[in-house]
Structure formats: C-alpha cells, structure tokens
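Enquirer: Below are the sequence and a predicted model for it; my questions follow.
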Amino acid sequence: KVVCVTGASGYIASWLVKFLLQRGYTVKASVRDPNDQKKTAHLTSLDGAKERLQLFKADLLEEGSFDSVIEGSEGVFHTASPFYHDVKDPEAELLDPAVKGTLNVLNSCAKSSSVKRVVLTSSIAAVSYNGKPRTPDVIVDETWFSDPDICKELKQWYVLSKTLAEDAAWKFVKEKGIDLVTMNPAMVIGPLLQPTLNTSAAAILNLINGAQTFLNFTLGWVNVKDVANAHILAYEVPSASGRYCLVESVAHYSEIVRLLRELYPSLPLPEKCADDKLFMPTYQVSKEKATSLGIDFIPLKTGLKETVESLKEKQFVN
Ligand code: NDP
C-alpha cells in the first residue's frame, strides 16, 4: 500500500501523512527541501515514519520533478500549492505554481504505471466565487464552479489560482483517463503539526493577537483532521467521485470572535468590524456528499479551541 503526498510539510498535508502512516500506508512524500529540518522534523518523528515514510525533493515549477515520488504509488494526494494573500506578482507566486504545478504532477501520474486514483486538494475557493448571491437560504454545493473573470475582477488571486488549477486538472484527466477526486475545503482550522504558521491558522492568530477589528467577511470553516480524513476516504472508498465540499459551518468573523470570547473571556479580542457596512450575509454549504463519504464534522467551536491551544503551545500568541 504505497501512496504519495505532494507538499507534505504543509498544514493539511502533515495531518494527512500522520493519518496515512497510522493506517499502515507507505508514504512517499515530496517537500521542496528535504534537508530543511524546520520542514521535515515533524514528519520524520511521526509514528511509523522511520519504517514507512520516504522524503523526496520536488518543486511544482520543475518539469518532471515529481516523476520519482509518484512512480510506484497507487494513490497520489496532490496538496502542494501556495496559499498566501499578500503577493506582488500573482502570476509567478500563485498562478504558475498552482496551475503548472498541478499539470506537472498529473503529467507524472499519466506516465506512471502504478497510479490508480489522484486526490487533489482544491478549495471551496474554486466553488463559490461565481457571482451568484450568497444569502441564508442559498445552499452552495459541488455543482458550483467559480468564475475566473469574477476572481480577476475582485483581484482574488489565490481564489483564481485554485479555480484555474482545478479546472485544468479536470480537463487533463478527462483527456488522459485518470481517476481524479477533488477536495474542496473551506478555511481550515485545528491543531498545527508543523512548526511554521500557515495562512488559515494565521487568520485566527490575528484575532487573538491584538487586532483592533475583524473583517466583514463570511466564510466556511472546517477542521484539519476532517480534511485529512476526507482525503483518505476519497482515495479508499471505491465509489468516491467528483468534488467534495468540506465545510462544517459558515460563519461571519463576528461569530468567530463571539465563540473565541466564550472560550477565552480574558483574551483581547476585537470589538469592531473593519467597516461599517451591513455584515456580509451567511449562506449554507451542502454537507451531503462529505457525509456520504463518512465524514462526521468536528464542531467549529472545538476547532477554534484546538487552534488557539496549538498556537499557544507553539508560542505564536503574544
Ligand atoms: P501550507 O502553506 O501549510 O502548505 C502549502 C504547501 O505547498 C507547502 O508544503 C509548500 O511547500 C507547498 N508549496 C508551495 N509552493 C510550492 C512549490 N513551488 N513547489 C513545491 N511545493 C510548494 O498550506 P495548507 O496546508 O493550508 O494548504 C495545502 C493545500 O490546501 C493547498 O493546495 C491549499 O490551496 C489548500 N487549501 C487550504 C485551505 C486552508 O484553509 N488552509 C483551504 C482550502 C484549500 P514548502 O513547505 O516548501 O513551502
């Protein structure tokens, strides 16, 4: 039982590697720099890693870079993709690694004789930015696709990168006959295994580290352990197919702050919204497909507590 995880040092991928090792898989894991202890020590110290974790060097932008990590793997989990909002050159920093990187990985899968299924970490970002209104009665589901023109209009470059990458992946696998399943998680929270700070955990850290205001933004939220498990189920369950929205609840930042205040009354949480417009309305995201896969979502409040505890333990909290 050999599988491959790209971008293995990342927030989601680290949990995925941990759970795969726990389930007895041999994991071929790609990182950009296998000699960077900061990126690998938390992986090589996982239970089962000594016997069944192999690290490979691979970069999304180097053609053929993933050939050796993919050859011999029956399952490929492609998680690597940059997730930042603060970019100077969206093309070079986000779009190219996301789109060309995904095609690069899929090309290696097409060449290999071992790959049975590819699970791609896409995002709810590739689902919900299509200009349709999102109000409390609207249920976003897997039939929604984000519209690249709208992403460009909104200058949402990360959202655009995920939208274009997933679209390119579906086109490629249709042509080459590869079995692909995509995971479309919302903002991921929960404990960090890696020592560095990732973008979604940083959104919570920002709130508890003295931010004066919270964003007037409504987002879906999901626990990292559920996301990692969903990846594995998407690989293991023969009937899994298409896309899976992974969202436990949809909540405005004011609600996140309210829950954090309930959990940590003494933390200096922001009182005010960043603008004085009406709060962006909430909406629903279908859990039907994710539930059918076997996911029983961890509640948002538990995820927030786990995130804060983990950020404290790793000394990110002021
Ligand atoms: P992290 O930033 O923790 O992980 C991103 C990973 O991508 C890192 O391992 C990073 O490697 C790798 N990577 C970035 N650029 C390159 C490159 N040029 N070549 C090789 N590897 C590269 O983020 P997350 O764990 O949060 O994200 C993982 C995936 O999940 C991404 O596809 C992201 O879009 C998706 N996602 C995340 C959500 C979230 O809220 N966290 C929500 C929905 C989807 P390195 O360590 O070397 O930098």
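Expert: Cool, got the structure. Numbering: from 1, shown residues only.

Enquirer: residue of the stretch 1-150 of the chain with the smallest distance to the ligand?
Expert: The nearest approach of the stretch 1-150 of the chain to the ligand comes at residue 10, 2.4 Å away (C-beta to the nearest ligand atom). (C-beta placed from N, C-alpha, C; glycine too.)

Enquirer: Give me the pLDDT value at that residue.
Expert: The score at residue 10 is 98. That number is its pLDDT.

Enquirer: wait, what's in contact with it?
Expert: Neighbour list for residue 10: 79, 80, 194, 198 [criterion: C-beta atoms under 8 Å, 6 or more residues apart in numbering].

Enquirer: And residue 272, by the same measure?
Expert: The neighbours of residue 272, taking C-beta under 8 Å, 6+ apart as the test, are 212, 213, 214.

Enquirer: For stretch 268-287, which residues meet the burial criterion?
Expert: Along stretch 268-287, these residues count as buried under the neighbour rule (16 or more other C-beta atoms under 10 Å): 269, 270, 273, 280, 282, 283, 284, 285, 286, 287.

Enquirer: okay, and for the stretch 201-318 of the chain, where does confidence drop off?
Expert: Low-confidence segments of the stretch 201-318 of the chain, defined by pLDDT under 70, are absent; every residue clears the threshold.

Enquirer: Correct me if wrong: residue 264 contacts residue 257.
Expert: No: the pair formed by residue 264 and residue 257 falls short of the contact definition of C-beta atoms under 8 Å, at 10.7 Å.

Enquirer: neighbour count winner among the two?
Expert: Each of residue 264 and residue 257 had its neighbours counted (other C-beta atoms under 10 Å), and the higher figure belongs to residue 257 (22 against 15).

Enquirer: Please give the element, helix or strand, for the more buried one.
Expert: For residue 257, the host element (DSSP states H and E) is helix 253-263.

Enquirer: before we move on, what about residue 77?
Expert: Taking DSSP H and E as the definition, residue 77 sits inside strand 75-78.

Enquirer: what's that strand packed up against?
Expert: Under the contact criterion of 3 or more C-beta pairs under 8 Å, 6 or more residues apart in numbering; DSSP states H and E, strand 75-78 touches strand 2-6, helix 101-111, strand 117-121, helix 224-236.

Enquirer: Residue 312 belongs to a helix?
Expert: Yes: under DSSP: H, G, I helix; E, B strand; the rest coil, residue 312 falls within a helix.

Enquirer: Out of the buried residues of stretch 268-287, flag the one nearest to residue 180.
Expert: Comparing these against residue 180 with C-beta to C-beta picks out residue 286 as the nearest, at 20.1 Å.

Enquirer: Was I right to think that closest one contacts residue 139?
Expert: Yes: with contacts defined as C-beta under 8 Å, residue 286 counts as touching residue 139 at a distance of 5.4 Å.

Enquirer: re earlier: sitting in helices, which of the buried residues of stretch 268-287 do you find?
Expert: Judged by DSSP state H, the subset of the buried residues of stretch 268-287 located in helices is empty.

Enquirer: now, among the residues you listed, which is nearest to the ligand?
Expert: residue 285 (12.5 Å).

Enquirer: Quick check: bridge partners of the closest one?
Expert: Note on residue 285: beta-bridge partners by DSSP bridges are residue 140.

Enquirer: next structured bit after the longest helix seen in the chain?
Expert: The helix of greatest length in the chain, counted in residues with DSSP H as the criterion, is given as helix 157-176. Next along the chain after helix 157-176, taking DSSP H and E as the criterion, comes strand 180-185.

Enquirer: partners of that following strand in the sheet?
Expert: Next to strand 180-185 in the sheet, as set by DSSP bridges, lie strand 117-121 (parallel), strand 242-246 (parallel).

Enquirer: quick one: which of the contacts of residue 272 is nearest to residue 165?
Expert: Nearest to residue 165 among these is residue 214, at 29.3 Å by C-beta to C-beta.

Enquirer: re earlier: what does the strand holding residue 77 contact?
Expert: Where contact means C-beta under 8 Å, 6+ apart, the residues beyond strand 75-78 that reach it are 3-7, 13, 16, 70, 102, 105-106, 109, 115-121, 231, 235.

Enquirer: Please list which of those also come close to the ligand.
Expert: 7, 13, 121 (C-beta under 6 Å from any ligand atom).

Enquirer: mind checking the backbone torsions on the residue of the stretch 1-150 of the chain closest to the ligand?
Expert: In terms of degrees, to the nearest 10, the main-chain angles of residue 10 are phi -70, psi 170.

Enquirer: Can we start the residue count at 9 from this point?
Expert: Yes, from this point I'll number from 9; that puts the last item at residue 18.

Enquirer: ok, back up a step: pick the most buried one from the strands paired with strand 188-193.
Expert: With neighbours taken as mean count of other C-beta atoms under 10 Å, the strands paired with strand 188-193 reach their highest mean count in strand 125-129, at a mean of 26.

Enquirer: what's downstream of that strand, the next helix or strand?
Expert: helix 133-136.

Enquirer: That next one close to the ligand?
Expert: No: on the criterion C-beta under 6 Å from any ligand atom, helix 133-136 is out of touch with the ligand, staying 6.6 Å away.
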